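1. model the structure of this input:
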Amino acid sequence: MRGDRSIHVWTQVGPDTIRVGTLYVTGGGRRLAFHYEQSYLEDPRHYPVDPALLETTSMRYWGSTTD
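-> Numbering: from 1, shown residues only. Purely as a prediction, here's the structure:
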């Protein structure tokens, strides 16, 4: 639908683990879908965000798309 957006997000769920998901924003509301969890210490290249940000926030987004 025109005007709908999907925003990629992550949130910290452990000392070295983040949960990665997508926030869907549509005309009918918002829906958050988490896809997987992984330690950013094992392979930080998977995340285009600075892992140090985990120290300062519980959730961040790294990009969005508009349909």
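2. list the beta-bridge partners for residue 32.
-> Residue 32 has these beta-bridge partners by DSSP bridges: residue 23.
3. quick one: it from residue 23, how far?
-> 5 Å (CB to CB, to the nearest Å). All C-beta atoms are positioned from the backbone trio N, CA, C, and that covers glycine.
4. the more surrounded of those two?
-> Remark: of residue 32 and residue 23, residue 23 carries more neighbours, 17 against 13, as counted by other CB atoms under 10 Å.
5. isn't that one up against residue 4?
-> No. Using CB atoms under 8 Å, residue 23 makes no contact with residue 4, being 11.4 Å away.
6. what's the weakest-modelled helix or strand in this structure?
-> strand 59-66 (a mean of 47; mean pLDDT, DSSP states H and E).
7. if we can go back for a sec, now the common contact residues for residue 32 and residue 23.
-> Contact criterion CB atoms under 8 Å, 6 or more residues apart in numbering; residues shared by residue 32 and residue 23: residue 9.
8. so, low pLDDT: which residues of this protein?
-> Residues of the chain that meet the criterion pLDDT under 70 lie in 1-3, 40-67.
9. run through the bridge partners of residue 39.
-> Under the criterion used here (DSSP bridges), residue 39 is bridged to residue 17.
10. number of residues surrounding it?
-> Applying other CB under 10 Å, I find that residue 39 has 14 neighbouring residues.
11. all numbers from here: first residue = 339
-> I'll keep to 339 as the first residue from here, and by that count the last item is residue 377.
12. so it makes contact with residue 353?
-> No. Using CB under 8 Å as the test, residue 377 is too far from residue 353 to be in contact (9.2 Å).
13. any shared contact partners between these two?
-> Applying CB under 8 Å, 6+ apart, one finds that no residue jointly contacts residue 377 and residue 353.
14. can you show me the CA trace of the strand or helix carrying residue 351 as PDB?
-> Using DSSP states H and E, residue 351 maps to strand 343-352. The C-alpha trace of strand 343-352 is given here as PDB (Å, rounded to 0.1, in the frame of the first residue of the first chain):
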ATOM      1  CA  ARG A 343       6.600   1.700   5.800                       C
ATOM      2  CA  SER A 344       8.800  -1.000   7.200                       C
ATOM      3  CA  ILE A 345      11.600  -0.100   9.700                       C
ATOM      4  CA  HIS A 346      14.400  -2.500  10.600                       C
ATOM      5  CA  VAL A 347      14.900  -2.500  14.400                       C
ATOM      6  CA  TRP A 348      16.900  -4.300  17.000                       C
ATOM      7  CA  THR A 349      16.700  -4.500  20.800                       C
ATOM      8  CA  GLN A 350      19.100  -5.900  23.400                       C
ATOM      9  CA  VAL A 351      17.900  -9.200  25.000                       C
ATOM     10  CA  GLY A 352      21.100 -10.200  26.800                       C
END
